[in-house]
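S.K.: Got a sequence here, can you model it:
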Amino acid sequence: MDVYVFNVTFSILAPNVRDMKIIAITDAVQDIVELEWLVQSEAVHRQLRPHLPSDYVARMREVFASGADMAICVRDAKVCGITVFRIIEKTYNGRELYCDDLVTDESCRSSGVGGALMGYMETVAAERGCDCLALDSGTQRHRAHKFYFREGLTVPAFHFSKPLKK
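M.R.: Numbers count the residues shown, from 1 in each chain. Model (predicted):
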C-alpha cells in the first residue's frame, strides 16, 4: 500500500522553520494507513473540536467511512496541524474539495503549517479534478479568516444551518 508523504520546505518563506512533512492518514479509499499518527493527532484536533467523543479513533473511522480523508503536518516528530477533507460533487460549483477541519496546534501557529496543509489540499484537489476548494469557518475565528484571505479564499455565500437533533 502506498503512503503519500508530501515534503515541504519553507526556506524561502520562513528561513527559521525546519522542514515539515505532510503525512496522509488515509489512502484513496479512506482506509487508515497511519494509525499511530492518527492517535497522535487527537490532541491537536481537539483544539478545534473539543466535543469529539472519547473514542477518537472510532469516531474518525466513521468520518472516513463517509468519504473523508485526513492528513497531518509533522515537524520534528510532532503533529503540528491536521486537515480533514472530502470531495463533493455539487450543482453550484462542480467538484469541490471541502475542508471539514483545518487545525494548527496553538504552539505552531504562524510558522507555515496552515499554508503547508492548504498546499497539500490544493495538490490533492488538482489530482482529483476539483474545480474549487472550500471550507466553513466560525464567525468568531478572525485570525483564521485573515489566513484564509491570504491563501486566496473568498466569501461567495453565507452558510445556514439548522440543528435537527436536540
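S.K.: Low-confidence stretches in this protein?
M.R.: Counting by pLDDT under 70, the low-confidence segments of the chain come to 1-18.
S.K.: need the strands for it, in chain order.
M.R.: For the chain, strands defined by DSSP state E occupy the ranges 5-8, 20-24, 69-75, 78-90, 94-104, 132-135.
S.K.: The spatially closest residue to residue 21 that is not a sequence neighbour bridge partners, please.
M.R.: The spatial neighbour of residue 21 that comes closest, neighbours along the chain excluded (CB to CB, 6 or more residues apart in numbering), is residue 74 at 4.9 Å. Glycine gets a C-beta too; all of them are placed from N, C-alpha and C. Per DSSP bridges, the residues bridged to residue 74 are residue 21, residue 79.
S.K.: got the contact list for residue 74?
M.R.: With contacts taken as CB atoms under 8 Å, 6 or more residues apart in numbering, residue 74 has the following neighbours: 20-23, 37, 80.
S.K.: how close does it sit to residue 116?
M.R.: Taken as CB to CB, to the nearest Å, the spacing of residue 74 relative to residue 116 amounts to 10 Å.
S.K.: Which residues are in contact with each of the two?
M.R.: Shared contacts of residue 74 and residue 116, defined by CB under 8 Å, 6+ apart, are found at 20, 22.
S.K.: Distance across stretch 83-101, terminal residue to terminal residue?
M.R.: Distance between the boundary residues of stretch 83-101 (CA to CA, to the nearest Å) amounts to 5 Å.
S.K.: So for stretch 52-68, what gets flagged as buried?
M.R.: 56, 60, 63-64, 68 (16 or more other CB atoms under 10 Å).
S.K.: Let's have these in a markdown table, adding distance to residue 128.
M.R.: Formatted as a markdown table, those follow (distance: CB to CB, whole Å):
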| residue | distance to residue 128 |
| --- | --- |
| 56 | 26 |
| 60 | 21 |
| 63 | 18 |
| 64 | 16 |
| 68 | 14 |
